[in-house]
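Visitor: sequence and predicted model, in that order:
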Number of protein chains: 2
Amino acid sequence: MTPGAEKADWTAIRRDLLGRIQSGAWRPGDAIPREVELAEQYHCTRSTVGRALRDLATAGFLERRRKGGTTVSANPVRKAPLEVPIIADAIRRSGHEPAYRLLETGWLPPPPGVGDLGGLDPDAALIFLSALHLADAAPHQLEQRWLNPAAVKGLRQSDYATAPVDEWLLNNAPLTSATIDIAAVPAPATVASALNMTTGAPTLRITRISWKQTLLIGILHLYHVDGFSLKTAI
Amino acid sequence: MTPGAEKADWTAIRRDLLGRIQSGAWRPGDAIPREVELAEQYHCTRSTVGRALRDLATAGFLERRRKGGTTVSANPVRKAPLEVPIIADAIRRSGHEPAYRLLETGWLPPPPGVGDLGGLDPDAALIFLSALHLADAAPHQLEQRWLNPAAVKGLRQSDYATAPVDEWLLNNAPLTSATIDIAAVPAPATVASALNMTTGAPTLRITRISWKQTLLIGILHLYHVDGFSLKTAI
DNA sequence: TAGTGGTCTAGACCACAAA
DNA sequence: TTGTGGTCTAGACCACTAG
């Protein structure tokens, strides 16, 4: 799309601008034309080029400042959209048949090393459950969960005996905020045996701590089978 | 912000709508009012509520379909913005003093297990370099890089002897696309000794494969010191 | 202070998918 | 077929900030 030709469409403009960046015509640190100029070049309004520019800016390719203008990012590779694999849905989308097996339930204090718990007593007993997620009958993830009873009133064991507790949570404590932490850790013995690994072997652990405002909902540990990796693209 | 009061502002509308979702007033699967109705409630135009709705949709809270209307996501916890820690910049932003030490250079074939290389001969010799990134004089990341000589013509060893090769790449092969892969692997002996770990101990490995269109630029392995974790929030 | 991006309006037409 | 979101326009005013 040569500027000056064709009809405006913010995705086309976005593509064209990105092409100029990736081809090196505009280099990191360069200032690019003002919105009004681009609008003239593309025969459209400022709103339309603005949409394309804003999109490239949130994607990290451009930096914009009032009065300072728009420049090509000097440090572009920063944010990647990570699709955190939350259980069954992720398995199903990868083309495998998911299954769920509840392994253990009880009451336990929160695991060590998870940081701030929003004022919760670190020795307080939380609802604990551990469950295995399988893909095509092979172990895939081991889930360990600590739930704050004050935040999940009404939850019964039958709610997670045969199906992941996510379904109950979704309907009863929906759409909370969360922090996510990804680390490589040696597999504890219980984890290793459930996932057919050797104790101490590297496993990818995703920790998710969920909140409803300042109230802790729960802590989730997901341990992944050997060979699993998170994939994304930028 | 009660709908019907105050002045419109798409961020305020976004906050208000998100509040209705997170409070449970609108539950997963629910249909929410049409744009025209919301525009009336908030005393603004359809464009403005549209901006708020679009933003919540890209964040994963809403799903929108022409004619089908807008519904609250039934499976909200999906995408998290992952800030991939690419070297010095990340260290500096975390408040530490970065340093760089080139360990080894030479020619090597690409590492196994990285999948498609865009037609590159899997035995072809690539420019190889390995370097250590330190934070406050302590090892932080070990970088191993394979660069396609056809994609980095003009690169000399002096370009990465004392500073990360990223700086040269940024100016000479800028703003490529990339795939990212995050895995827990046992530390190879060379990695372990550089990072003061024991061989075979779990280490978080980030693999980034960079492309310029279909041309492979290079492969990057980042091995992280024990105790490191990626953090994000949703 | 002046110039740039950020936002909002009021209206129009279009594209897609549900009924 | 028809209702919904998706987009574009032409214009205006505002907010931030570089000079």
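Guide: Okay, I see it.

Visitor: where along chain A do the helices fall?
Guide: A:10-22, A:35-42, A:46-58, A:88-93, A:166-172, A:189-194 (DSSP state H).

Visitor: so what secondary structure elements neighbour the first one?
Guide: Spelled out, that is helix A:10-22. Secondary-structure packing of helix A:10-22 (3 or more C-beta pairs under 8 Å, 6 or more residues apart in numbering or on different chains; DSSP states H and E): helix A:35-42, helix A:46-58. Where you see a C-beta, it was placed from the backbone N, CA and C, and this is true even at glycine.

Visitor: quick revisit: make a markdown table out of the helices of chain A and add distance to DNA strand C, mean pLDDT and mean neighbour count.
Guide: As requested, those are arranged in a markdown table below (distance: least, C-beta to the nearest atom of the strand, whole Å; pLDDT from 0 to 100; neighbours: other C-beta atoms under 10 Å in any protein chain shown):
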| stretch | distance to DNA strand C | mean pLDDT | mean neighbour count |
| --- | --- | --- | --- |
| helix A:10-22 | 12 | 89 | 17 |
| helix A:35-42 | 4 | 93 | 18 |
| helix A:46-58 | 5 | 94 | 18 |
| helix A:88-93 | 19 | 60 | 16 |
| helix A:166-172 | 22 | 71 | 17 |
| helix A:189-194 | 40 | 94 | 17 |
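
Visitor: now distance to DNA strand D too, for those, in a markdown table please.
Guide: Shown next, in a markdown table, are these (distance: least, C-beta to the nearest atom of the strand, whole Å):
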| stretch | distance to DNA strand D |
| --- | --- |
| helix A:10-22 | 3 |
| helix A:35-42 | 7 |
| helix A:46-58 | 4 |
| helix A:88-93 | 21 |
| helix A:166-172 | 23 |
| helix A:189-194 | 42 |
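
Visitor: using CSV, lay out the helices and strands packed on helix A:10-22 together with distance to chain B.
Guide: Listed next are the helices and strands packed on helix A:10-22 as CSV, based on distance: least, C-beta to the nearest C-beta, whole Å:
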stretch, distance to chain B
helix A:35-42, 17
helix A:46-58, 9
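
Visitor: and of the ones you listed, who's closest to B:V191?
Guide: helix A:46-58 (35.1 Å; C-beta to C-beta).

Visitor: in chain A, which helix or strand is least confident?
Guide: helix A:88-93 (a mean of 60; mean pLDDT, DSSP states H and E).

Visitor: now the helices of chain A in JSON lines, with distance to B:S23?
Guide: Output for these, formatted as JSON lines (distance: least, C-beta to C-beta, whole Å):
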{"stretch": "helix A:10-22", "distance to B:S23": "34"}
{"stretch": "helix A:35-42", "distance to B:S23": "38"}
{"stretch": "helix A:46-58", "distance to B:S23": "27"}
{"stretch": "helix A:88-93", "distance to B:S23": "24"}
{"stretch": "helix A:166-172", "distance to B:S23": "13"}
{"stretch": "helix A:189-194", "distance to B:S23": "36"}
